[in-house]
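Student: dropping the sequence and predicted coords here.
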Amino acid sequence: MSNISVVLPDGSQRELPTGTTGAGLAESLGGRAAREALIAVVDGNQLDLDRELFDGASVSLVFPGSDDGLEVIRHSAAHVLAQAVLDLYPGATFSIGPPIEDGFYYDFDLSGGQTFSDDDLGRIEQRMREIVNQKQPFIRAEVDRAEADELFKNHPYKIEVLDGEADDPTSGPDGSVITTYRNTDTFVDLCRGPHVPHTGRLGHFKLMRVAGAYWRGDENRQMLQRIYGTAWASKKDLKEHLHRLDEAAKRDHRKLANELDLLSFPSKLGGGLAVWHPKGAIVRKVMEDYSRDRHENGGYEFVYTPHLANANLFETSGHLDFYADGMYPPMEMDNGTYYMKPMNCPMHCLIFGHGQRSYKELPLRLFELGTVYRYERSGTLHGLMRIRGFTQDDSHIYVAEEHLADEITGLLDFVMSVLRAFGFDDFVFNLSTKDPEKYVGTDDVWEYATHCLREALDRHGLEYEVKEGDAAFYGPKIDIDVKDAIGRSWQLSTIQADFQLPERFDLGFIGADGERHRPIMLHRALLGSIERFFGVLVEHYGGAFPTWLSPVQVRVLGVRADHDAVAQALVDRLKAAGFRADMVEADDPLGARIRKGKLEKVPYVLVVGDDDIENGTVGVNPRGGDVDRGVTVDDFIERLADDVDNKRTAPVID
RNA sequence: GCCCGAGUAGCUCAACGGCCAGAGCACCGCUCUUGUAAAGCGGGGGUUGUGGGUUCGAUUCCCACCUCGGGCUCCA
């Protein structure tokens, strides 16, 4: 019997009998490889373990904990889900079921328009466990089109995949090769694979929810029934994932906004609209004041514009042509048709276009906290994250072409500096380039503007991802995402070049040469929507705002009722010094009042009693720290000022 | 907009188609006078999201609408 030789990841050669499979290699390696290997990677191609290896191949094995391993587990779990559903629901057919982040889904079409309910999930999960316990093999086969048509004759969505009408990289034909994976005599799925050796490797999963999903993502097509699941390499990983979901739920800004009395969404007000209560409003005011300060110092000029405008304005800007669906319906008034503004830029263009502009005025940076109204479809609303009326920290910068790169460079500094002040320092930059199907302006100006955006990023030495074709039709852009305290990513800031609006509004400036030139316009949102950013902050901090933002910075408590006057005097002193302080009278025991302050996530709870009155001190109980008795009031105020002035993310603990 | 699910006191949640819809927290009053995460007693509080229907009887079953949640689609 002849041998083959394969190269392992450590560079060593291994002699194996001809015909040895990935599983055979794993067996010969023994130990963890034999027990846990899921698939083999052979010369860069992922293959099932039962595929034969060939002489000279570089082979590595994929294990459950790795990214590739998890993907295989999740993809295989999707097949188990499909088998369970097809078993339990006669007449059901299935479409596609890929792995996704943290899990998998599968889309089904049940006979007679049946739908899944949450109760069905338990039943399906039970059937899946049986399938897992049976350790069914995943048996790969290459079939020709006629065989595939026969196998899937009752599954029209699979036929569409075979026809290439539905693009699905996990199941569609790979070139001319059609492959299937069979688990039982009756269950076979169209799939590229690879898969785990048998279903027994898939024990750590959970079905999460049912949802509707359009076939091929097209809202004009059939609505399928989607089941989402999560799957992991170990019971521990699954448990940790579920724990993370719980933690995220605890930070949900809608829940915290309610608990902390920050704001509400009264149903009488209408969907997607919020009212800000005093506690939320003061945080918002501090945020906005800070934003205004920074803009004032950053060379911006403040403007104000109304919420309504004549339809003519949005015809000129093009919004009515392109985005009428997202605008509130027109209001007919005696002198014309009016719309709520969906963006501030047309009005800022009116300001730029007023009078004769000189090159000496550029870059002209207009800034407004401008409230806009967009008609978001009811199903898309989501707390503060997706809302129908919101305020942009909106700037439009008019710049001569030759100063574009410098301006963008400065903008990146400005944006990062402000975001850092709010506690974000992990940024991801995305550069979106021209969509060749949909753009205005000349190729030259696109190329130039894209170059300027790149150059600005490069000057800062920033890493960025290029999203080809992702730009809006009017110009390329840089989007800035931040990571929050639990690793979630939020897109906040955007810097967009615009060649369209200056044309539409026929904007110009007189250059040093005495000629009229067209400015380039930059749209720049920093926090983006104030409402959404507030929601992100709530989730980032889990409701425990840094002291500089906290609605109540200091809560003062007297030990007994006869200390209340002293407590009030201390509150007055703190307020006079510019801090937000309050007190709670001693109607309840001290412990109960402390607890209340903790639940409200107040950064500092101060206690004053007999000892303190005698010594001019307070007891300091900082959020997240230990009690510190006998601190002089002066020392505490100094500590508080340090916390606030430096925008520390947590109370200062001695 | 589409699919699934949910709406009961300010909040969190109970109540088989059947007595006057309950509990904890919160709120108000009285008592307690307190040294670092829940004192005691009492009280007020509801057109069970809205409107229809089925029924002797509806929080409960059915329909429509509204709002919310999870997805899909969309997101200038």
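Tutor: Looks like it came in fine.
Student: quick check: phi and psi on A:Val556?
Tutor: The phi/psi pair for A:Val556 (degrees, to the nearest 10) reads phi -110, psi 130.
Student: what is the burial count for it?
Tutor: 26 (other C-beta atoms under 10 Å). Where C-beta positions appear, they are placed from N, C-alpha and C, glycine not excepted.
Student: show me the contacts for it.
Tutor: Going by C-beta atoms under 8 Å, 6 or more residues apart in numbering, A:Val556 touches A:567-568, A:570-571, A:574, A:581-583, A:605-608, A:618.
Student: quick check: nearest residue in space to A:Ile159, chain neighbours excluded?
Tutor: Using C-beta to C-beta, 6 or more residues apart in numbering and skipping residues adjacent in sequence, the residue nearest A:Ile159 is A:Phe152, 5.9 Å away.
Student: just the pLDDT for that neighbour.
Tutor: Note on A:Phe152: pLDDT of 95.
Student: what do you get for A:Met1?
Tutor: A:Met1 is given a pLDDT of 59.
Student: now swap in the one 3 residues further on and tell me
Tutor: At A:Ile4 the predicted local confidence, pLDDT, stands at 88.
Student: okay, the closest residue to it other than its chain neighbours: pLDDT?
Tutor: Spatial nearest neighbour of A:Ile4, chain neighbours left out: A:Asp55 (3.9 Å); criterion: C-beta to C-beta, 6+ apart. With respect to pLDDT, A:Asp55 scores 89.
Student: I'd say A:Asp55 and A:Gln13 touch.
Tutor: No: if you go by C-beta atoms under 8 Å, A:Asp55 and A:Gln13 don't touch, sitting 10.8 Å apart.
Student: who touches both of these two?
Tutor: Joint contacts of A:Asp55 and A:Gln13 (C-beta under 8 Å, 6+ apart) are A:5-6.
Student: any chance you could map the strands in the stretch 1-150 of chain A?
Tutor: Counting by DSSP state E, counting those that start in this stretch, the stretch 1-150 of chain A has strands at residues A:3-7, A:13-17, A:39-42, A:45-48, A:59-62, A:93-94, A:99-100, A:103-109, A:139-143.
Student: may I see the ones you listed arranged in TSV, with mean neighbour count and distance to A:Ile351 as well?
Tutor: Formatted as TSV, the strands of the stretch 1-150 of chain A follow (neighbours: other C-beta atoms under 10 Å; distance: least, C-beta to C-beta, whole Å):
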stretch	mean neighbour count	distance to A:Ile351
strand A:3-7	16	67
strand A:13-17	13	73
strand A:39-42	22	59
strand A:45-48	18	57
strand A:59-62	22	59
strand A:93-94	22	57
strand A:99-100	17	46
strand A:103-109	23	49
strand A:139-143	14	66
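Student: let's have those in JSON lines, adding distance to RNA strand B.
Tutor: Shown next, in JSON lines, are the strands of the stretch 1-150 of chain A (distance: least, C-beta to the nearest atom of the strand, whole Å):
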{"stretch": "strand A:3-7", "distance to RNA strand B": "41"}
{"stretch": "strand A:13-17", "distance to RNA strand B": "44"}
{"stretch": "strand A:39-42", "distance to RNA strand B": "27"}
{"stretch": "strand A:45-48", "distance to RNA strand B": "25"}
{"stretch": "strand A:59-62", "distance to RNA strand B": "27"}
{"stretch": "strand A:93-94", "distance to RNA strand B": "16"}
{"stretch": "strand A:99-100", "distance to RNA strand B": "8"}
{"stretch": "strand A:103-109", "distance to RNA strand B": "8"}
{"stretch": "strand A:139-143", "distance to RNA strand B": "29"}
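Student: indicate which one of those strands is closest to A:Lys601.
Tutor: Smallest distance to A:Lys601 across those (C-beta to C-beta): 32.5 Å, for strand A:103-109.
Student: what mean pLDDT does the closest one get?
Tutor: On average, the pLDDT along strand A:103-109 is 95.
Student: how close does the closest residue in space to A:Gly112 that isn't next to it in sequence sit to A:Gly203?
Tutor: For A:Gly112, ignoring the flanking residues on the chain, the nearest one in space by C-beta to C-beta, 6+ apart is A:Gly91 at 7.3 Å. For A:Gly91, the distance to A:Gly203 (C-beta to C-beta, to the nearest Å) stands at 30 Å.
Student: and for A:Lys236?
Tutor: For A:Lys236 relative to A:Gly203 (C-beta to C-beta), the value is 12 Å.
Student: the more surrounded of those two?
Tutor: A:Gly203 (17 against 10).
Student: the longest helix along chain A and RNA strand B in contact?
Tutor: Criterion DSSP state H: the longest helix present in chain A is helix A:67-88. No: remark: helix A:67-88 sits outside contact range of RNA strand B, by C-beta under 7 Å from any atom of the strand, the gap being at least 14.5 Å.
Student: with stretch A:541-561 instead?
Tutor: Yes: using C-beta under 7 Å from any atom of the strand, stretch A:541-561 reaches RNA strand B at A:559-561.
Student: CSV for these, including secondary structure?
Tutor: Shown next, in CSV, are the residues of stretch A:541-561 next to RNA strand B (DSSP: H, G, I helix; E, B strand; the rest coil):
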residue, secondary structure
A:Val559, coil
A:Arg560, coil
A:Ala561, helix
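Student: if we can go back for a sec, how far does the longest helix of chain A sit from its chain's centre?
Tutor: With C-alpha atoms, centre = their mean, to the nearest Å as the basis, helix A:67-88 stands 26 Å off its chain's centre.
Student: could you list the buried residues of it?
Tutor: Buried residues in helix A:67-88, counted by 16 or more other C-beta atoms under 10 Å: A:68-87.
Student: and A:Val607, bridged to which residues?
Tutor: Note on A:Val607: beta-bridge partners by DSSP bridges are A:Leu557, A:Gly619.
Student: any idea how far RNA strand B is from it?
Tutor: Distance, A:Val607 to RNA strand B, using C-beta to the nearest atom of the strand, to the nearest Å: 3 Å.
Student: can you count the residues close to that residue?
Tutor: Other residues close to A:Val607 by other C-beta under 10 Å number 22.
Student: do the one 5 residues further on as well
Tutor: Other residues within reach of A:Asp612 by the criterion other C-beta under 10 Å amount to 24.
Student: right, and it touches A:Val631 too?
Tutor: No: judged on C-beta under 8 Å, A:Asp612 makes no contact with A:Val631 at a distance of 9.1 Å.
Student: surely A:Asp237 is within a helix?
Tutor: Yes: counting by three-state DSSP, A:Asp237 is found in a helix.
Student: can you pull the pLDDT of A:Asn220?
Tutor: We have a pLDDT of 89 for A:Asn220.
Student: and it, its phi and psi?
Tutor: phi -90, psi 0.
Student: what about it, distance to A:Asp426?
Tutor: 40 Å.
Student: who's more crowded, the two?
Tutor: A:Asp426 (12 against 7).
Student: what's near enough to touch the more buried one?
Tutor: Contacts of A:Asp426 by C-beta under 8 Å, 6+ apart are A:482-483.
Student: next, count neighbours for A:Gly200.
Tutor: Based on other C-beta under 10 Å, the number of other residues close to A:Gly200 is 14.
Student: er, A:Ile480 I mean
Tutor: The number of residues packed near A:Ile480 is 24, by other C-beta under 10 Å.
Student: wait, what's in contact with A:Met287?
Tutor: Counting by C-beta under 8 Å, 6+ apart, A:Met287 makes contact with A:422, A:527, A:530, A:533-534, A:537, A:549.
Student: for A:Leu256, helix, strand, or coil?
Tutor: helix.
Student: about what we covered before: next, the residue nearest to A:Ile159: phi, psi?
Tutor: phi -110, psi 30.
Student: next one: it from A:Ser95, what distance?
Tutor: For A:Phe152 relative to A:Ser95 (C-beta to C-beta), the value is 11 Å.
Student: where do the contact lists of the two overlap?
Tutor: Residues touching both A:Phe152 and A:Ser95 by C-beta under 8 Å, 6+ apart: A:Lys158.
Student: for RNA strand B, what's its nearest residue on the stretch 301-450 of chain A.
Tutor: A:Gly379 (2.1 Å; C-beta to the nearest atom of the strand).
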